[in-house]
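Requesting a structural model of the entry that follows:
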Amino acid sequence: ADGKPVGGYDSVIPSMLESLSPVLIGIVVILVLSASMSTLSSLVLTSSSVLTMDFIDPVFFTKKGMGEKKKLLWMRIFIVFFIIVSAVIAIVQAQSPVMFISQMMGVSWGALAGAFLAPFLYGLYMKRVPKAAVWVNFVIGIGISLASFICNMAGIKFDNAVLEYFKSPINAGMLAMVLGLVLTPIITLIAPAKDKERQESIFSCYNKKILVSSKQSIIEEEEEPAPVPVSAKTAKNTKSKNKNTKKRK
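Presented below is the predicted three-dimensional model:
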């Protein structure tokens, strides 16, 4: 009566597949599973490696550092953890469909964009983006997206129109990105300037000169045409012609 399909919008594809032949259903299921597994595997591997090498290692192993075996162990633990969390969220969503799949994707991508967009974008043009700005973006992106996710999963409704608007995962991700783009330059101006020598040493890799072949070079330079090889007989005839021309003159 309300114009929505029975079971919600996420049930459109399953309902459509029920009318297809078993062969077509199998092909569609294989395609969906392969796409999901390829996306999930890259996200899980990236997340586990980032947490292990950029958070666990520098924060909890500051003195000796983590060995390769410990890094591999922590990455495997995080991989299992992320897969379990993804499975639990999928089961909960299937049992009580309070959010659509597209909304749940908005939560994840909103958190990533809110946490990393501003530091990466400003980092391309500014050398002074401090660590504090990165942490602020991380807290804002994860915090706003997580709050939106909890509100939607719990079915919380707000009387305030603004809060209800930003309860949407897509709008929450947009808010996180805008706040990051606004706050990052402000924090950069407030934060104390880095040591110039250390700052230049960080970006010194861009000043190194490397030798590459012309085929691999990004910028093609115009080169002078190479001399055309001639035989000794041709060169001798050319010289004699030049001498005869001078004598006639």
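
Report the mean per-residue pLDDT for the longest helix anywhere in the chain.
If you go by DSSP state H, the chain has its longest helix at helix 22-51. For helix 22-51, mean pLDDT rounds to 84.

May I see the buried residues of the following helix or strand past it?
Past helix 22-51, further along toward the C-terminus, the next helix or strand under DSSP states H and E is helix 57-60. Across helix 57-60, burial judged by 16 or more other Cβ atoms under 10 Å covers D57. For the C-beta atoms, the positions are set from N, CA and C on the backbone; glycine is no exception.

Find me the pLDDT at V129, would you?
In this model, V129 carries a pLDDT of 84.

show me the contacts for it.
Counting by Cβ atoms under 8 Å, 6 or more residues apart in numbering, V129 touches 119, 122-123, 184, 188.

Make a markdown table out of those residues and add pLDDT.
As requested, the contacts of V129 are exported to a markdown table (pLDDT from 0 to 100):
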| residue | pLDDT |
| --- | --- |
| P119 | 90 |
| Y122 | 90 |
| G123 | 86 |
| T184 | 92 |
| T188 | 89 |
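
could you flag which of the residues you listed are buried?
Buried among the contacts of V129 (16+ other Cβ under 10 Å): 119, 122, 184, 188.

which ones among the residues you listed are found in helices?
Using DSSP H, the members of the buried ones among the contacts of V129 that fall within helices are 119, 122, 184, 188.

tell me which of those residues is nearest to K167?
K167 has its nearest neighbour among these in T184, at 25.0 Å by Cβ to Cβ.

which non-adjacent residue is nearest the closest one?
Taking Cβ to Cβ, 6 or more residues apart in numbering, and ignoring the residues beside it in sequence, T184 has A118 as its nearest neighbour in space, at 4.2 Å.

quick one, what contacts the one you found?
When the contact criterion is Cβ under 8 Å, 6+ apart, the partners of A118 are 133, 137, 177, 180-181, 183-184.

Filter these down to the buried ones.
The neighbour count (16+ other Cβ under 10 Å) marks 133, 137, 177, 180, 184 as buried among the contacts of A118.

can you tell me which two in those are farthest apart?
A133 and M177 (14.2 Å).

low pLDDT regions in this protein?
1-13, 96-99, 214-249 (pLDDT under 70).

hmm, try it at 80
Low-confidence segments of the chain, defined by pLDDT under 80: 1-20, 36, 39, 62-65, 89-90, 92-105, 127, 153-155, 193-249.

Mind splitting it into its structural domains?
Following automatic domain parsing, one gets these domains for the chain: 1-97, 99-211.

Fine by me, we can end here.
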